[in-house]
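*Asks:* All I have is the shape, not the residue letters:
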């Protein structure tokens with residue numbers, strides 16, 4: 001990387017436009033060394049952050065995989081469920097004129113080869129059907145030149161999605177261990193074989209440097225169940241992790257979630273909300289999965305650096321949402337608290353101004369579509385809801401903007417000092433992030449003027 005030199009891609013021919021490598025990591029909260037968690041081993045993601053810009057206040061639009069990825073891949077607010085992209089596909093079939101192109105489709109329309117490997121949309125490989133392998137049921141029609149998922153010993157994408165070591169497939173969650181650590185190389189867990197395929201795709205795409213590419217790679221871990229090769233658990237076995245802040249279940253009405261996905265796995269009769277030793281074991285296995293995912297990121301970066309196109313490629317690392325590790329007595333996502341909605345975002349490209357400088361300015365997943373368009377000199381479509389992050393890539397102290405998110409029963413707006421959550425029945429939660437209590441005390445009563453201002457801002461933003 002060349003420090004303090006800003007490269008402009010404007011005015012370039014399509015054949016010399018920069019490539020895009022988008023790395024999507026599932027269920028990754030900002031549990032990384034470069035995001036301030038010094039006990040986590042994440043050297044490869046840290047390296048990427050040192051070469052680019054880490055966004056410490058990045059928020060997703062929904063605390064669930066499908067809806068969050070829908071926003072990433074369409075640049076728009078949308079449905080709140082995991083079936084969001086399939087719902088879009090159905091509407092595209094029934095009312096084609098009412099649906100806008102996805103981000104990879106937009107790049108294809110502008111001369112790029114678009115390829116997806118792993119879990120990029122909600123279904124790894126992007127197909128529906130009982131085992132997520134029906135070629136007639138596309139999750140994202142017209143979006144990809146190749147949408148790949150090598151299932152290996154897990155037989156099919158559904159098996160890969162919830163797989164443990166050496167081909168173990170989830171049939172009944174209660175019969176599958178919630179965490180696992182098995183001796184072996186990276187390919188004994190699902191990400192190993194999908195990243196192998198991603199390396200082949202980088203090599204193939206880089207072999208034609210005159211043809212720009214948009215390559216999205218989805219890394220599964222640290223998604224449940226928390227399984228990773230034993231070597232990735234070893235750094236944490238004798239480490240005492242810091243206490244979990246605000247571990248109590250909140251009082252009163254909130255968007256608290258009962259951690260149903262986590263709790264349905266085999267937990268050997270133990271509950272992390274009541275068993276501190278078990279809670280620590282869970283957290284260490286999550287950390288092991290983060291380090292395993294980091295190793296896969298390292299493999300991708302190394303392959304890119306060996307290629308002929310590394311100096312003409314933008315790299316994005318994005319977490320699809322946060323994940324509670326006991327905060328608010330939640331072990332999962334699905335709430336509208338900070339831990340569910342804040343996730344890592346890193347943007348890196350050769351010549352970025354002030355490489356390694358972080359930004360605290362608030363941004364949203366929605367902003368990635370217009371950002372990548374501006375960085376590659378593509379027109380920014382009028383239908384996107386976000387704004388380009390290029391000003392923050394030029395100056396990490398540039399201003400950000402409030403962040404919006406939603407579930408089926410509520411929506412929220414987060415700005416610099418407060419989070420407001422507005423339930424469908426009109427109930428309001430308001431939390432002061434400048435206080436030590438953070439999101440544990442609802443201060444909406446007595447702060448009606450602030451609630452009104454934030455409600456109006458939330459409504460206007462969603463109507464834009």
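*Replies:* Yes, it's here. No experiment lies behind these values; they were computed from the predicted model shown.
*Asks:* The spatially closest residue to residue 410 that is not a sequence neighbour: how many residues sit nearby?
*Replies:* Nearest in space to residue 410, with sequence neighbours left out and distances taken as Cβ to Cβ, 6 or more residues apart in numbering, is residue 423 at 4.5 Å. No exception for glycine: its C-beta is placed from N, CA and C like everyone else's. Neighbours of residue 423 under the rule other Cβ atoms under 10 Å: 17.
*Asks:* got it, and the one 3 residues further on?
*Replies:* The burial metric for residue 426, expressed as a neighbour count using other Cβ under 10 Å, is 7.
*Asks:* how far away is the nearest residue to residue 241 once chain neighbours are set aside from residue 305?
*Replies:* Spatial nearest neighbour of residue 241, chain neighbours left out: residue 283 (5.5 Å); criterion: Cβ to Cβ, 6+ apart. Applying Cβ to Cβ, to the nearest Å, the value for residue 283 to residue 305 is 32 Å.
*Asks:* Strands along the stretch 301-450 of the chain, start to end?
*Replies:* 313-319, 345-348, 359-364, 403-406, 410-414, 418-423, 428-432 (DSSP state E, counting those that start in this stretch).
*Asks:* Can you give the distance from the last one to the centre of its chain?
*Replies:* I take that to be strand 428-432. Averaging C-alpha positions (Cα atoms, centre = their mean, to the nearest Å) puts strand 428-432 25 Å from its chain's average.
*Asks:* what do you get for the first one?
*Replies:* On the basis of Cα atoms, centre = their mean, strand 313-319 is displaced by 11 Å from the centre of the chain it belongs to.
*Asks:* could you say what helices and strands that strand packs with?
*Replies:* Judged by 3 or more Cβ pairs under 8 Å, 6 or more residues apart in numbering; DSSP states H and E, strand 313-319 is in contact with strand 19-25, helix 43-51, helix 276-306, strand 345-348, helix 368-375.
*Asks:* Indicate which one of these is closest to residue 403.
*Replies:* strand 345-348 (11.6 Å; Cβ to Cβ).
*Asks:* So which elements touch that closest one?
*Replies:* Under the contact definition 3+ Cβ pairs under 8 Å, 6+ apart, strand 345-348 sits against helix 43-51, strand 53-59, strand 313-319.
*Asks:* quick one: strands adjacent to it?
*Replies:* According to DSSP bridges, strand 345-348 forms sheet pairs with strand 53-59 (antiparallel), strand 313-319 (antiparallel).
*Asks:* Pull out the buried residues from the first one.
*Replies:* Of the residues in strand 53-59, those buried by neighbour count under the rule 16 or more other Cβ atoms under 10 Å are 53-59.
*Asks:* outside of stretch 228-243, which residues touch it?
*Replies:* Applying Cβ atoms under 8 Å, 6 or more residues apart in numbering, the set of residues contacting stretch 228-243 from outside is 39, 41, 180-186, 188-189, 221, 280, 283-285, 287-289, 291-292, 295.
*Asks:* Would you mark the buried spots in it?
*Replies:* Buried residues in stretch 228-243 (16+ other Cβ under 10 Å): 228-229, 231-233, 236, 241.
*Asks:* Let's see which of the residues you listed end up in strands.
*Replies:* When those are checked against strands (DSSP state E), the matches are 228-229.
*Asks:* ok, which pair from the buried residues of stretch 228-243 is furthest apart?
*Replies:* The span of the buried residues of stretch 228-243, defined through Cβ to Cβ, is set by 229 and 241 at 20.1 Å.
*Asks:* residue ranges for the helices of this structure, please.
*Replies:* Using DSSP state H, the helices found in the chain span residues 43-51, 65-74, 84-94, 103-109, 157-161, 190-206, 230-233, 260-263, 276-306, 338-341, 368-375, 390-394, 448-463.
*Asks:* Same list (those helices) but as a markdown table, adding distance to residue 120 and mean pLDDT.
*Replies:* Below are these laid out as a markdown table (distance: least, Cβ to Cβ, whole Å; pLDDT from 0 to 100):
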| stretch | distance to residue 120 | mean pLDDT |
| --- | --- | --- |
| helix 43-51 | 18 | 98 |
| helix 65-74 | 7 | 98 |
| helix 84-94 | 10 | 96 |
| helix 103-109 | 9 | 98 |
| helix 157-161 | 12 | 98 |
| helix 190-206 | 10 | 98 |
| helix 230-233 | 23 | 98 |
| helix 260-263 | 21 | 97 |
| helix 276-306 | 13 | 98 |
| helix 338-341 | 20 | 98 |
| helix 368-375 | 13 | 98 |
| helix 390-394 | 23 | 98 |
| helix 448-463 | 25 | 92 |
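*Asks:* Now tabulate the ones you listed in CSV and tack on distance to residue 147.
*Replies:* Shown next, in CSV, are the helices of the chain (distance: least, Cβ to Cβ, whole Å):
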stretch, distance to residue 147
helix 43-51, 25
helix 65-74, 12
helix 84-94, 12
helix 103-109, 9
helix 157-161, 11
helix 190-206, 11
helix 230-233, 28
helix 260-263, 25
helix 276-306, 18
helix 338-341, 28
helix 368-375, 19
helix 390-394, 29
helix 448-463, 30
